[in-house]
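# Dropping a prediction and its sequence here:
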Amino acid sequence: MTGATEPAHGREPLLVVQGLRKTFPLPGNQRMVAVDGVDLYLNQGETLAVVGESGCGKSTLGRLILRLQDADEGALRLGGTDLRALRGRALRAMRRRIQVVFQDPFASLDPRQRIRDVLVRPMRLHGLCDGREAERRAAALMEQVGLSPAQLDRLPHQFSGGQRQRVAIARALSVQPEVIVCDEPVSALDVSVQAQVVNLLQDLQRDTGVALLFISHDLAVVRHLAHRVAVMYSGRLVETAPTTQLFRDPRHPYTRALLAAAPRTDGARTHAPLTGEPPNPAALPPGCRFHGRCPDAHPVCTEGVHPPLRLIAPNHGSACLFAESLPAATDTAAGPTEPTPVAARIAAYRRARDRAPAPTEA
Ligand SMILES: Nc1ncnc2c1ncn2[C@@H]1O[C@H](COP(=O)(O)OP(=O)(O)OP(=O)(O)O)[C@@H](O)[C@H]1O
């Protein structure tokens, strides 16, 4: 693990990812790099957001952690267990410990399966409980995610999109996981429902202590949900920092460009938004992979290998050679961002939460 991704305390974090790499074959004996030497960690009860443009490798990283795909290189440990070494029964048992919520609740639920079975089957499969106890737990899970136990006999099509995503979250929780990989879990939902599902995830984390790896392209959502953020570009992590610090003082030009895309309350735009395209993953340029789009690039950025992520402040890593000499944060677009509709609703919910029970959509 590089210094840039080391947790503050000495104990090994719940989930540790070291040097993870995944390539895919291309025609003509070539390979493209989807995930390239990623180091990260996740503590119990923590939310780490992974952000970046489409195609930067976020979902592949999630699938590697879930062992839905096998990495070419690198280490993956959960509670000290080497996940990449697991096979057969041990791998199946591990699947209880890391669950997933995908973007599309329509696709992730069997249309013919009643919700009761959606929730009870995983508990049975993993030998957690059966019979009346499983039924009792299924009813409790429904309530926990803001649905009614009376809806257990329904089929997925009898729910709205947001309710289906609540069912998917209940299914993930049914086996008491330590980590849930949430791959764009709200981006297919209406704005009002997005805020409800984000708030639900946060409430559930507070109640259960589950850790969340939250894959998203929506910085407004991430800002409200995540404790830390990892910014990915062209298969590499280019910046990691606690959320407040990342938004206040981003130290990679790519992060600054992503933030510049968010509208500011004062109307200012002091940093250039993103232009151009990420490099072709089958023919990566020398030097920093961002140099072709970087407003702060120097000639040296086009030479050698992509700079590694390095610690530039406590718990703050950047892969920019000039991280320390970038203009101060007040000169960037990391100022007061305008609340998006989702962010405004999340904030309104938070204010109301202490006064009333959590709202649910019809
Ligand atoms: N099974 C696969 N075979 C070949 N290439 C793949 C495969 N899965 C992903 N890729 C490629 O790997 C790169 C990373 O894809 P990935 O889906 O992980 O990105 P992403 O950041 O999650 O994007 P999005 O936000 O659009 O889902 C892309 O260039 C993609 O085309």
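Structure received.
# Now for the closest residue to the ligand within the stretch 201-350 of the chain: which residues touch it?
Taking CB to the nearest ligand atom, the ligand has its nearest neighbour within the stretch 201-350 of the chain at residue 281, 5.2 Å off. Bear in mind the C-beta positions are built from the backbone N, C-alpha and C, glycine included. Residues in contact with residue 281 (CB atoms under 8 Å, 6 or more residues apart in numbering) are 32, 33, 34, 55, 234, 235.
# Nearest to residue 325, out of the residues you listed: which one, please.
residue 234 (22.8 Å; CB to CB).
# Isn't the closest one up against residue 285?
No. The pair residue 234 / residue 285 is not scored as a contact, 9.5 Å apart, by CB atoms under 8 Å.
# can you list residues touching both of these two?
Common neighbours of residue 234 and residue 285 (CB under 8 Å, 6+ apart) are residue 279.
# okay, those two: which has more neighbours?
Neighbour tally, residue 234 and residue 285, criterion other CB atoms under 10 Å: the higher count belongs to residue 234, 24 against 14.
# Excluding chain neighbours, give the residue nearest to the more buried one in space.
Setting aside the residues directly before and after it, residue 234 is nearest to residue 289 in space (CB to CB, 6 or more residues apart in numbering), at 4.2 Å.
# Look up how far residue 95 lies from the one you found.
In this view, residue 289 and residue 95 are 33 Å apart by CB to CB, to the nearest Å.
# Who has more neighbours out of these two?
residue 289 (26 against 18).
# Make sure the more buried one is actually in contact with residue 237.
No. Assessed by CB under 8 Å, residue 289 is found out of contact with residue 237, at 11.7 Å.
# what does the stretch 201-350 of the chain have sitting close to the ligand?
Within the stretch 201-350 of the chain, the positions adjacent to the ligand are 217, 281 by CB under 6 Å from any ligand atom.
# Where do the strands of the stretch 201-350 of the chain begin and end?
211-216, 228-233, 236-242, 310-313, 316-318 (DSSP state E, counting those that start in this stretch).
# and if you look at the stretch 51-200 of the chain?
73-78, 81-82, 98-101, 179-183.
# anything in the last one near the ligand?
Which is strand 179-183. No. For a cut-off given as CB under 6 Å from any ligand atom, strand 179-183 has no contacts with the ligand; the smallest distance is 7.6 Å.
# That strand pairs with which strands?
strand 98-101 (parallel), strand 211-216 (parallel) (DSSP bridges).
# Can you list the helices and strands that whichever helix in the chain runs longest packs against?
In the chain, assigned by DSSP state H, the helix with the most residues is helix 191-208. Helix 191-208 sits against helix 161-173, strand 211-216, helix 219-225, helix 341-353, with contacts defined as 3 or more CB pairs under 8 Å, 6 or more residues apart in numbering; DSSP states H and E.
# ok, and which of those has the densest surroundings?
Of those, the one with the most neighbours on average (mean count of other CB atoms under 10 Å) is strand 211-216, at a mean of 25.
# ok and that one relative to helix 191-208, angle-wise?
Going by axes from the mean of the first three to the mean of the last three CA atoms, to 10 degrees, strand 211-216 is angled at 160 degrees with respect to helix 191-208.
# got the angle for strand 211-216 vs strand 228-233?
Going by the same axes, to 10 degrees, strand 211-216 makes 40 degrees with strand 228-233.
# by how many degrees do strand 211-216 and strand 73-78 diverge?
130 degrees.
# now strand 211-216: mean pLDDT?
Mean pLDDT, strand 211-216: 98.
# Throw the strands of the stretch 201-350 of the chain into CSV and include distance to residue 273, thanks.
CSV is the format used below for these (distance: least, CB to CB, whole Å):
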stretch, distance to residue 273
strand 211-216, 19
strand 228-233, 15
strand 236-242, 17
strand 310-313, 24
strand 316-318, 20
